[in-house]
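Engineer: prediction below, plus the sequence it came from.
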Amino acid sequence: MADQRWEFAEFPAPNGAELLVQFLNATDRQGWGEASATLRNDGTAGLIYLTPGSLGASISPTWILKQLPGPDGAQAAVQLLNGADRQGPGEASASLRGDGSAGLIFLAPGSLGTSTSQAWYFQPEPAPDGAQLAVQFLNEAARQGPGEASVTARSDGTAGLIFLGPGSLGTSTEPTWVTREFNGPNGAQDAVDFLNAWPQQPGPGEAVAWLPGSGAVIFYLAGPTGIVHP
């Protein structure tokens, strides 16, 4: 959709995740690749999203919330996304917390239906460079494209991602996944300002964020079909 902008929203405890999903299901509603959520253990939630959303006043598909307990929350999220009607690119955003639990928002019904051509997987990355390792992984063949990855970059230097494999970029080297960190209390707003600042700002599925509460870590596709990397 033309004339969309990335925005940031914060939702208070104790029902931040529920408020976030209500927001996404209100007009103008976000669709494929237009939302990246951080669902925190303290009941708050952060969101970057493209507005206006492409679903508008439509009531289908619908954003749904699932909280999955540890220690196997990430694997439970993957199993859920791989069930019928399974989610396709841009239809899921996962928070893979350090205690093994996971928070998940997803569009249902998913666009892949009963197809097995792609499947969701979980990949952990160790400290101290988990975010960089996640980017390296996404840039390996068969590479993930727009909407095919959701990344959690934790404060202890580890990272977790869920991704659709095989990725749609294959062996192409462009565009390229890049990560950037924004520190301080205004980090989330600084991140969306950055995403909106370039002539080729990322579109649906081309940017995901981890918003720990202070600061932000973004992962985005940069290159001919993404934004111009500074």
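Structural biologist: Ah, there it is.
Engineer: how about the residue nearest to Asp99 when sequence neighbours are not counted, secondary structure?
Structural biologist: Beyond its immediate neighbours in the sequence, the residue positioned closest to Asp99 (Cβ to Cβ, 6 or more residues apart in numbering) is Gly70, lying 4.9 Å away. All C-beta atoms are positioned from the backbone trio N, CA, C, and that covers glycine. Of the three states, Gly70 takes coil under DSSP: H, G, I helix; E, B strand; the rest coil.
Engineer: which residues does Gly70 contact?
Structural biologist: Each residue near Gly70 by Cβ atoms under 8 Å, 6 or more residues apart in numbering is listed here: 97, 99-101.
Engineer: now the residues you listed in TSV, with secondary structure, distance to Gln201 and pLDDT?
Structural biologist: Rendered in TSV, the data for the contacts of Gly70 read as follows (DSSP: H, G, I helix; E, B strand; the rest coil; distance: Cβ to Cβ, whole Å; pLDDT from 0 to 100):
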residue	secondary structure	distance to Gln201	pLDDT
Arg97	coil	29	97
Asp99	coil	35	96
Gly100	coil	35	97
Ser101	coil	33	98
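Engineer: now the two most distant members of the residues you listed.
Structural biologist: Taking Cβ to Cβ as the measure, these span a maximum distance of 7.1 Å, between Arg97 and Gly100.
Engineer: what about these two, which has more around it?
Structural biologist: A side-by-side neighbour count of Arg97 and Gly100, using other Cβ atoms under 10 Å, places Arg97 first with 20 against 16.
Engineer: what sits against the residue nearest to Ala141 when sequence neighbours are not counted?
Structural biologist: With Cβ to Cβ, 6+ apart as the criterion, Ala141 has its nearest non-adjacent residue at 4.6 Å, and that residue is Thr171. With Cβ under 8 Å, 6+ apart as the criterion, the residues that contact Thr171 are 141-143.
Engineer: and the strands in the protein?
Structural biologist: Per DSSP state E, the chain has strands spanning 5-11, 35-39, 45-51, 62-68, 92-96, 102-108, 119-125, 149-153, 159-165, 176-182, 207-210, 216-222. These are given in chain order.
Engineer: kindly check the end-to-end length of stretch 5-16 for me.
Structural biologist: End-to-end span of stretch 5-16 (Cα to Cα, to the nearest Å): 23 Å.
Engineer: okay, buried residues for that stretch please.
Structural biologist: For stretch 5-16, a neighbour-count test (16 or more other Cβ atoms under 10 Å) marks 6, 8-11, 16 as buried.
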